[in-house]
Every structure is written in C-alpha cells, then in structure tokens.
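Asks: sharing a sequence plus its predicted fold:
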Amino acid sequence: MKPHGPIPPGFAADDDGMLLIGGDRAEALADVAGDTPLFVYDSAMLTARVAEWHAAMPAEVQLHYAMKANPYAPLLAWMAQLVDGFDVASGGELKAALASGMAAADISFAGPGKRDRELEAAIAAGATLNLESAGEGERALSIGARLGITPRLAVRVNPDFDLKGSGMKMGGGAKPFGVDADEVPDVVKRLLDAGADWQGFHIFAGSQALDAGAIADTQAQTVALAARLANEIGAVPPLVNLGGGMGVPYFPGDRPVDAAAVGAALGATLAARDPMLGGSRFAMELGRWLVAEAGVYLTRIVDRKVSHGETFLVTDGGLHHQLAASGNFGTVIRRNYPIAVAGRFGGEPVETVSVVGCLCTPLDRLGDQVALPRAEVGDLVAIFQAGAYGASASPASFLGQGPAREMLV
C-alpha cells in the first residue's frame, strides 16, 4: 500500500457520505454537467484563498494571478474581481485575460519565444511586455514605432540565484527565461533612451516551494537585486514583480507553506529596502497556490478487475486530463495525489487498489496501490489539488479522447 497526499481542508461529505463541492453533491454536479470526467472549481474557496493571502502579506504588495495555472474563462472572470493583475504567457492567454474584464494596463505578458504578432497585440492593447531578451526588446521597440504607440516594457531578470527547494527552478545559471542580471542595466538604458514606457522588473526564481524560509530568503535576495540594478541604471523601477514560489501540498508528508511567515519576512524586507526602491510598487505573482486547492477532478469507474491479485479501478478519465496526477508532469518519483471515493468520502479504507484511466498506456495511473473504501462500477473517484495545471496542461486529444467538462460553482 502506498499513501496518498493530504486532502485539502474545506471539503466535507453530506449525511450519505457524498463529497460536497461548493455545497453541492459531487454526483449531482456530474448530473448537471451531463457526463464525466469533470473538473469542478469552488468559487468560495478561490475567494477565501485570496483573502488568506491579503491577511498574510504587507498591504503595499499587489497580487497578480499567473493564469497559466488555470485559464478556464468563468474562473478568470471570477479572479479578475479578486486580484490586481493577470500574468499571461501567450497571445491566446492575452485574449482570454482581456475577455475576462481585466484591464489591459494590469496585464503582463511573460514567456520566451513571443512572436511578432503577439508583441503587436500586447502593445496595441496597452499590456506590459516582460522582455525575455535584448532582441525581444528591439522587436518591441520597432513594432511600437510602426504602430505609433509607446510600448509598456518591463525586463524579466534571470537572477544569479534560485529558489531553494523549489519544484521547478526558473532562475540561476543558464536559462531560456529572462535577461541575465549583469546585462539588465544596458537593456533598460536602451529602453529608456528609446522612449519606451519602462515598467520595471520581473524576477522569478522558482515555483512550488513549501519552505517559508526559503521563499523569504529568495524574496530578500530579489529585492536586493532589484535595488542594485536600479542604482546601476539610475532610475526607479515603477514595479518590482517578485514572482511567486508558494507551493501546495500534493504528496504524502507535504505540509502547507506558512503564508503568514512569508508575509512577515517580506514586510521586514520591504521596510529595510534601499531608498532607490522607495517609490517602487511590489507584486507577487501566484498561480497554483491560488487555484489548486479549489479544484476537484471527478472521474467515474467503468470497470473493476483483478489481475495477478491486484485490483484495478478503471475510470473514464486519466492522464489526458490529469497529467500531473499521473506522475508525468515533471515528477521524478511517482507519488499519489490526494484521492477519494466521492460517495464514501471520509470512509475507512478497506482495500488497496490502483486507479487507472482509459488510455492504452501503462503511464495512465491516477492512484498507485492506494488504500480506499470499497468502490464499484458507477462510483465517482475524486482527485484533489486539481485546480491548477489540470485541464489545460494535459494532452486532452491523446487517443481522440477529448477534453473534460469544467464547471465553476
């Protein structure tokens, strides 16, 4: 038997033992959707998560949502009411962000390999481009001149440090992301000389960290780096985007990051910052920490079989919707995401089973030898921490299966 990760707080069952999501029975939500597999996102949990962040962080720090974590349109429209800005990473995400109601001036566009038409769309809309290279800056200046629009340009900095203990390192050493720190002053001076509307720095060292101390240390280094660069440039950055980094507990033994400790340390860091940053605004850009716990993936058991003594629950879902939960999205050692039988939520486990999807590949495994209550054909299995990097980060078209349904409740 292999344990599964901790089910996020806030979920409960009704008197019949059925999982409730946003106050509704999981089975009833599947009926409303018309079929499974189904992603359900709880809007009240999204609102509570943002409130938790505000309670923990210094009042002067803005909150931006990195919409690559979940670009579902109704969820975007909800988040647009709660946060100070969106970060996008493609022309498609830019369109979705604008359609959500977020003001263009509060949208930043990061990511390497932006095509000229994407640069043009961002400049024309009035969004901020986070430049990933000097060459991208030159292209943006040229497009702005052709359009007769002063481009809003920030510089993404590749710092000379990374976020210790992060699940995905985005800074330090050779990286496709950002301008190496020692080259940033020359790039910014070029932008200023060309008359661009310089918006500041985007400094993102890593993601999916659960160690508050490591996050706090990285933020202190980030603020110090921003100050050093600003002094070399001789100009105050209007905004210093500190990136994100705050992770969520997916696996056995994981513990939630102490947001209050992160916020307290960040407050002290900002209070002691270099005077050159006295007039700067600051932002944190979070994706999964804001939305992961609010999402549940519901998939129905279509077969129950035993092979060489091992019981398999075969579902109508799988890695084509939940690539990360299957262990195929950057995980070195496969471990079990939080999982439950929706109709026996909170029930005592009575058997060890493997929950597998409908694809003809041995990689399609949502639960590996995990202890669960007895489940039968027709029952719903719930995979938690499904609000981030689920539907949009998985190969929905693999084997012609198609996308899962989605719902905001």
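Replies: On my side now, so go ahead. None of these values were measured; they are calculated from a predicted model.
Asks: can you pull out the helices in the stretch 101-250 of the chain?
Replies: 116-125, 134-147, 184-193, 212-233 (DSSP state H, counting those that start in this stretch).
Asks: kindly reformat those helices as JSON lines containing mean pLDDT and mean neighbour count.
Replies: From N, CA and C alone the C-beta is placed, and that goes for glycine too. Output for those, formatted as JSON lines (pLDDT from 0 to 100; neighbours: other C-beta atoms under 10 Å):
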{"stretch": "helix 116-125", "mean pLDDT": "98", "mean neighbour count": "18"}
{"stretch": "helix 134-147", "mean pLDDT": "98", "mean neighbour count": "17"}
{"stretch": "helix 184-193", "mean pLDDT": "98", "mean neighbour count": "18"}
{"stretch": "helix 212-233", "mean pLDDT": "96", "mean neighbour count": "20"}
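Asks: nearest to Ala404, out of those?
Replies: Counting by C-beta to C-beta, Ala404 lies closest to helix 116-125 out of the helices of the stretch 101-250 of the chain; the figure is 27.5 Å.
Asks: quick one: closest of the helices of the stretch 101-250 of the chain to His321.
Replies: Closest to His321 of the helices of the stretch 101-250 of the chain, according to C-beta to C-beta: helix 116-125, at 27.2 Å.
Asks: which residues touch the closest one?
Replies: Outside of helix 116-125, the residues within contact range by C-beta atoms under 8 Å, 6 or more residues apart in numbering are 90-91, 94-95, 98, 104, 107, 109, 128-129, 136, 139-140, 143-144, 147, 149, 151-152.
Asks: number of nearby residues for the closest residue in space to Gly387 that isn't next to it in sequence?
Replies: Ranked by C-beta to C-beta, 6 or more residues apart in numbering and with sequence neighbours excluded, the top spatial neighbour of Gly387 is Gly295, at 2.6 Å. For Gly295, the neighbour count with other C-beta atoms under 10 Å is 29.
Asks: can you tell me which residues contact Gly295?
Replies: So, once contact is read as C-beta under 8 Å, 6+ apart, Gly295 ends up touching Phe39, Val40, Tyr41, Asp42, Asn70, Phe384, Gln385, Ala386, Gly387, Ala388, Gly390.
Asks: state the distance from Ala388 to Arg288.
Replies: Applying C-beta to C-beta, to the nearest Å, the value for Ala388 to Arg288 is 4 Å.
Asks: let's see which of the contacts of Gly295 end up in strands.
Replies: Phe39, Val40, Tyr41 (DSSP state E).
Asks: of these, closest to Glu406?
Replies: Ranked by distance to Glu406 (C-beta to C-beta), the ones in strands among the contacts of Gly295 are led by Phe39 at 4.6 Å.
Asks: can you give me the pLDDT of that closest one?
Replies: With respect to pLDDT, Phe39 scores 98.
Asks: what does the pLDDT read for the closest residue to it other than its chain neighbours?
Replies: Leaving aside its sequence neighbours, Phe39 sits nearest to Glu406 (C-beta to C-beta, 6+ apart; 4.6 Å). Glu406 carries a pLDDT value of 98.
Asks: so which bits of the helix or strand hosting Glu406 are buried?
Replies: Taking DSSP states H and E as the criterion, Glu406 maps to strand 405-408. Neighbour-count burial for strand 405-408, counted by 16 or more other C-beta atoms under 10 Å, picks out Arg405, Glu406, Met407, Leu408.
Asks: could you list every helix and strand in contact with that strand?
Replies: If contacts are counted by 3 or more C-beta pairs under 8 Å, 6 or more residues apart in numbering; DSSP states H and E, strand 405-408 sits against helix 26-33, strand 38-41, helix 73-80.
Asks: quick one: low-confidence ranges for this structure?
Replies: Scanning the chain for pLDDT under 70 picks out the ranges 162-176, 332.
Asks: again, only this time at 80
Replies: Residues of the chain meeting the criterion pLDDT under 80: 161-177, 206-207, 330-333.
Asks: break it into its domains for me.
Replies: The record's domain parsing of the chain by automatic domain parsing lists 12-41+293-408, 71-286.
Asks: those: which one's closest to Ala55?
Replies: Within the domains of the chain, the stretch nearest Ala55 is domain 71-286; the backing value is 7.9 Å (C-beta to C-beta).
Asks: what's the end-to-end length of that closest one?
Replies: End-to-end distance for domain 71-286: 13 Å, by C-alpha to C-alpha, to the nearest Å.
Asks: run the chain-centre distance for that domain.
Replies: 14 Å (C-alpha atoms, centre = their mean, to the nearest Å).
Asks: coming back round to it: could I get the ones in strands among the contacts of Gly295 as TSV with distance to Val262?
Replies: Putting the ones in strands among the contacts of Gly295 into TSV (distance: C-beta to C-beta, whole Å) gives the following:
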residue	distance to Val262
Phe39	28
Val40	29
Tyr41	25
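Asks: in TSV: the residues you listed, plus neighbour count.
Replies: Listed next are the ones in strands among the contacts of Gly295 as TSV, based on neighbours: other C-beta atoms under 10 Å:
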residue	neighbour count
Phe39	27
Val40	26
Tyr41	24
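Asks: let's have the domains of the chain in TSV, adding distance to His4.
Replies: Formatted as TSV, the domains of the chain follow (distance: least, C-beta to C-beta, whole Å):
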stretch	distance to His4
domain 12-41+293-408	4
domain 71-286	7
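Asks: Pro3: which of these is closest?
Replies: Closest of the domains of the chain to Pro3 is domain 71-286, at 4.1 Å (criterion: C-beta to C-beta).
Asks: in the chain, which strand is the longest?
Replies: If you go by DSSP E, the chain has its longest strand at strand 295-307.
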